[in-house]
Each structure stands twice: as C-alpha cells, then as structure tokens.
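Undergrad: everything below, folded, please.
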Amino acid sequence: MKVWTSVFIILLLSFSSSGYAKTSLQQEAKVIYEETKLKKHLDFNIFMTAYKEHVRVADKPIMSIIDYSKPSNNRRFFIIDTDKKKLLYHTFVSHGINSGNLYATQFSNIVDSKQTSLGTYRVAEAYHGKYGLSLRLDGMSPSNSNARKRAIVLHGAKYAEPSTIKKLGMLGRSWGCPAIPMKLTKKVVNLLKEGGSIYAHARS
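TA: Have a look, this model is predicted:
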C-alpha cells in the first residue's frame, strides 16, 4: 500500500510540475508580448508558439518571427530581445519566388523548389557570400530540415528594400531565403548569429 501511495504522489508531483512549467512559460511569453507592444501587429498564439520554440532551440535571448500570413509590402519580420523585453526591429522580409507574389501561399522543404520553408530555425554562423554578410540557418522542424542542403540563409538584398515596394507594390523574391533590407543586414546578423532563433509562420 505504501508503495502505491508513493507512486501516486510522484505522479501527482510530476503532473503538477509539468502544468506549472507550461503556465510559467505562458506567463513569461505574455509579459514579453505586452512589454513589446506586439498586440497590434501579431497574434499572441503565434508569439506563444515562437517563444516556446525559441526556448527549445536558442542559446541567446534574441528571437525573431516572420509572419508570412502578411503580404510582403507589410513589415512582417520581428526581432525581439526576450531578456530586455524589447522589440528591436520590425522590418520587411522577402519570400521565395515560387511561394507566391504579394502573398506567400506555397511552402516547401524540397531542394531546388525555390519556395520558402516554414518552421523553427536556429541561427548559426555568419559568413560572406553572394549577397555579402549572411547567416546560415539550421532547420529545426520537419518542414525546414533541408535548410542547409537548400542553402537557405538570411541575407540582405536590394529587392527587399522599401523602394522596391514603391515600384512594384511588393518586395522582390528570393530562391527561398529570407532577405531583408541591406542597411539592416549587419545589425541583424550580429544580433541573431550563433544562437538566435527564427520562427516562420503562415496560415494553415
């Protein structure tokens, strides 16, 4: 009888601890969400998922979210310092040429698809490539596990500038990489490199 009582208490404590952890994580996320004043830009459920994924994969307090449910002529890239509870950047980001025009509606993890991949990325090392200073990304979800094979990286590009929106009504498109305005590249790279996270979301 004592054995079964002990087992019951252990299980009860285990469930209680798990429930507390979930509640605590949600409370943390809520505080950051409110402090960064993201409510008018981003649904809390998206932020909560991104925060959980950030806690899972990141090695530094810089998390970012790309909301591909928004058109490319909207600022849909959010970079947040979770320790300081501060929105650092809210800017433009491109999607893949085969994902759509103004809106990204098609997504793929297939090599040579030239489509954007959704899911969680852990930001790896910075390097200098075709587009200058760039960031390699490791796909941490089944939907983006081929990020390295596909050479999906974050980089700056002229076609991701607001001036392109004035000409075309939308950003230019990449071969699947998240491209951002050139003037922000160095700052964003230094913030996210070697341990930051990116969560790419779209409507299901």
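Undergrad: flag every buried residue along stretch 108-126.
TA: Across stretch 108-126, burial judged by 16 or more other C-beta atoms under 10 Å covers 108-109, 113-124, 126. For glycine as for every other residue, the C-beta is placed from the backbone atoms N, C-alpha and C.
Undergrad: where along the chain do the helices fall?
TA: 2-35, 44-57, 162-168, 185-192 (DSSP state H).
Undergrad: tally of neighbours for the closest residue to A202 other than its chain neighbours?
TA: The shortest distance from A202 to any non-neighbouring residue, by C-beta to C-beta, 6 or more residues apart in numbering, is to Y68 (4.0 Å). Residues lying near Y68 (other C-beta atoms under 10 Å) number 23.
Undergrad: Y68 reaches H201, doesn't it?
TA: Yes. With contact defined as C-beta atoms under 8 Å, Y68 reaches H201; the gap is 6.3 Å.
Undergrad: what is in contact with the two at once?
TA: By the contact definition C-beta atoms under 8 Å, 6 or more residues apart in numbering, Y68 and H201 are jointly contacted by L118.
Undergrad: pLDDT weak spots in the protein?
TA: 1-22 (pLDDT under 70).
Undergrad: please redo it, this time with the cut-off set to 50
TA: Across the chain, the ranges flagged by pLDDT under 50 are 1-18, 20.
Undergrad: which strand in it has the most residues?
TA: Using DSSP state E to define each element, the chain has its longest strand at strand 119-129.
Undergrad: and that one, what does it pack onto?
TA: Counting contacts by 3 or more C-beta pairs under 8 Å, 6 or more residues apart in numbering; DSSP states H and E, strand 119-129 is packed against helix 44-57, strand 132-139, strand 153-156, helix 185-192, strand 197-201.
Undergrad: measure how far it is from the centre of its chain, please.
TA: Computed by C-alpha atoms, centre = their mean, to the nearest Å, the chain-centroid distance of strand 119-129 equals 11 Å.
Undergrad: now do it and helix 185-192, the angle between them.
TA: For strand 119-129 against helix 185-192, the angle by axes from the mean of the first three to the mean of the last three C-alpha atoms, to 10 degrees is 130 degrees.
Undergrad: export strand 119-129 to CSV, keeping only CA atoms.
TA: The C-alpha trace of strand 119-129 is given here as CSV (Å, rounded to 0.1, in the frame of the first residue of the first chain):
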residue,chain,number,x,y,z
GLY,A,119,9.0,26.3,-39.0
THR,A,120,11.8,27.0,-36.5
TYR,A,121,15.3,27.8,-37.4
ARG,A,122,18.3,28.0,-35.1
VAL,A,123,20.6,30.8,-36.4
ALA,A,124,24.2,29.6,-36.9
GLU,A,125,27.4,31.2,-38.2
ALA,A,126,27.8,34.4,-40.1
TYR,A,127,29.7,34.4,-43.4
HIS,A,128,30.3,36.4,-46.5
GLY,A,129,28.6,35.1,-49.6
